[in-house]
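Peer 1: just the structure for this:
(one chain, ligands or ions: 1)
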Amino acid sequence: MTRTAYVNGQYMPLGVASVRIEDRGLQFADAAYEVCEIKAGRIIDERRHMERLGRSLDALQIPMPMSQAALGAIMREVVRRNRVRDGIVYLQVSRGVAARNHAFPRAPVRPGIVVTARRSDTIEMTRRADQGVTVITLPDNRWERVDIKTVGLLPNVLAKQKAVDAGAFEAWLIDKGGFVTEGSATNAWIVQKDGTLVTRPADRGILRGITRGTLFEVVAGEGLRIEERPFTVAEAKTASEAFLTGSSLSIMPVVEIDGHAIGRRQPGPITARLRAVFHDYAEIGPVWSSLVP
Ligand code: PDD
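Peer 2: Now for the predicted structure:
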């Protein structure tokens, strides 16, 4: 099946879809993005993703290119054309095309919009979730505004590659005080021996993950407790459970940090429970096709 992308008003085959070489997203990473989960043909937590996109664009002083509803309709159409049942949809909004100059273009330019979608390997994801994944730790060398979801992801890319080279799934980034900030593309969580979940506050040093936000509701609904505070690598290593959250993987158990086993080197019961009920609490959008049950 030929995959389809949406670029600036047109749906086209992914293999030929392209942006202009002076798109500021390409030259300056002057763009924001969102990744939403698709489950059973439906976009998960679209409203929250759109609100965060609005906040990122505001911070970058890029105008919202169209209404959230119109962007949602395009995302659904890309999901439909790619017949994605389970996977992700990617939405990127750049400042637009202008002669290369660090300062914003003087005359207003139209923001550039790119939307793609792809299936995920659900069997592989389930296998990973059943076994748990491993993480390594690395210094967090990103800029201070990691709360803005920009495509300036080079430190994240290098960290993730280091993890892959080390045979690990994710890299947890450590701030100058020795506290875990987040993963290269996920938020980081631990579970204390008394069952309390611990995750870093989202006011500084991390992206305010949408999965993280929804999980707060899951935790309340399941009668559990969250402490929002920074935690160190040493504390994580002695936690009874650890896990990652992100739109492309929902909730993923961590069973090893820097070679050190967490709990019994198996996904913990609280993590497994949260993963099992997560979508009962998330906002589930309309389905793209009557073919999807
Ligand atoms: N990553 N932290 C970082 C640095 C991220 O890039 C992401 C998302 C998250 C989790 O956020 P959310 O729950 O909203 O997906 C945390 C996406 C999936 C990506 O870049 O592919």
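Peer 1: which other helices and strands contact the lowest-mean-pLDDT helix or strand in the chain?
Peer 2: Scoring the helices and strands of the chain by mean pLDDT, DSSP states H and E places strand 284-287 at the bottom, with a mean of 88. Applying 3 or more CB pairs under 8 Å, 6 or more residues apart in numbering; DSSP states H and E, we find strand 284-287 packed against strand 42-44, helix 68-81. Backbone N, C-alpha and C define where each C-beta goes, glycine included.
Peer 1: give the buried residues for stretch 125-140.
Peer 2: Arg128, Ala129, Gly132, Val133, Thr134, Val135, Ile136, Thr137, Leu138, Asp140 (16 or more other CB atoms under 10 Å).
Peer 1: without its sequence neighbours, what residue ends up closest to the last one?
Peer 2: Nearest non-adjacent residue to Asp140, counting by CB to CB, 6 or more residues apart in numbering: Leu173, 3.5 Å away.
Peer 1: element containing that neighbour, please.
Peer 2: Counting by DSSP states H and E, the element that carries Leu173 is strand 170-174.
Peer 1: what about that strand, distance to the chain center?
Peer 2: Counting by CA atoms, centre = their mean, to the nearest Å, strand 170-174 is centred 14 Å from the centre of its parent chain.
Peer 1: is it in proximity to the ligand?
Peer 2: No - applying CB under 6 Å from any ligand atom, one finds strand 170-174 separated from the ligand by no less than 8.4 Å.
Peer 1: what about the helix or strand following that strand, near the ligand?
Peer 2: Heading C-terminal from strand 170-174, the first helix or strand you meet, by DSSP H and E, is strand 180-183. Yes - judged by CB under 6 Å from any ligand atom, strand 180-183 comes into contact with the ligand through Glu182.
Peer 1: can you list contacts of strand 180-183?
Peer 2: Residues external to strand 180-183 that are found in contact with it (CB atoms under 8 Å, 6 or more residues apart in numbering): 135, 137, 140, 146, 170-175, 188, 200, 205-207, 209, 230-233, 236, 244, 246.
Peer 1: in helices, which of those residues appear?
Peer 2: Members of the contacts of strand 180-183 lying in helices (criterion: DSSP state H): Val233, Ala236.
Peer 1: of the contacts of strand 180-183, buried ones?
Peer 2: The neighbour-count criterion (16+ other CB under 10 Å) marks 135, 137, 140, 146, 170-175, 188, 200, 205-207, 209, 230-231, 233, 236, 244, 246 among the contacts of strand 180-183 as buried.
Peer 1: please list the residues of the stretch 1-150 of the chain that sit near the ligand.
Peer 2: Val35.
Peer 1: one more pass at 8 Å, please.
Peer 2: Tyr33, Glu34, Val35, Glu37, His49, Arg52, Ile88, Tyr90, Val146, Lys149 (CB under 8 Å from any ligand atom).
Peer 1: so where does the second one fall, helix or strand?
Peer 2: In this structure, Glu34 sits in strand 31-39 according to DSSP H and E.
Peer 1: nearest to the ligand, of the residues of the stretch 1-150 of the chain next to the ligand?
Peer 2: Distance to the ligand across those (CB to the nearest ligand atom) is lowest for Val35, with 3.9 Å.
Peer 1: how deep is the closest one tucked in, by neighbour count?
Peer 2: Val35 has 16 neighbouring residues, counting by other CB atoms under 10 Å.
Peer 1: what's it in contact with, if anything?
Peer 2: For Val35, the contact set (CB under 8 Å, 6+ apart) comprises Ile88, Val89, Tyr90, Leu91, Ser247, Ser248.
Peer 1: quick one: Phe243 and Asn187 touch, right?
Peer 2: No - Phe243 lies out of contact with Asn187 (CB atoms under 8 Å); the separation is 9.4 Å.
Peer 1: these two - which one has more neighbours?
Peer 2: Ranked by neighbour count (other CB under 10 Å), Phe243 and Asn187 place Phe243 first, with 32 against 24.
Peer 1: which SS state does the nearest residue to that one once chain neighbours are set aside fall under?
Peer 2: Once flanking residues are discounted, Phe243 sits nearest to Thr271: 4.5 Å by CB to CB, 6+ apart. Following DSSP: H, G, I helix; E, B strand; the rest coil, the label given to Thr271 is helix.
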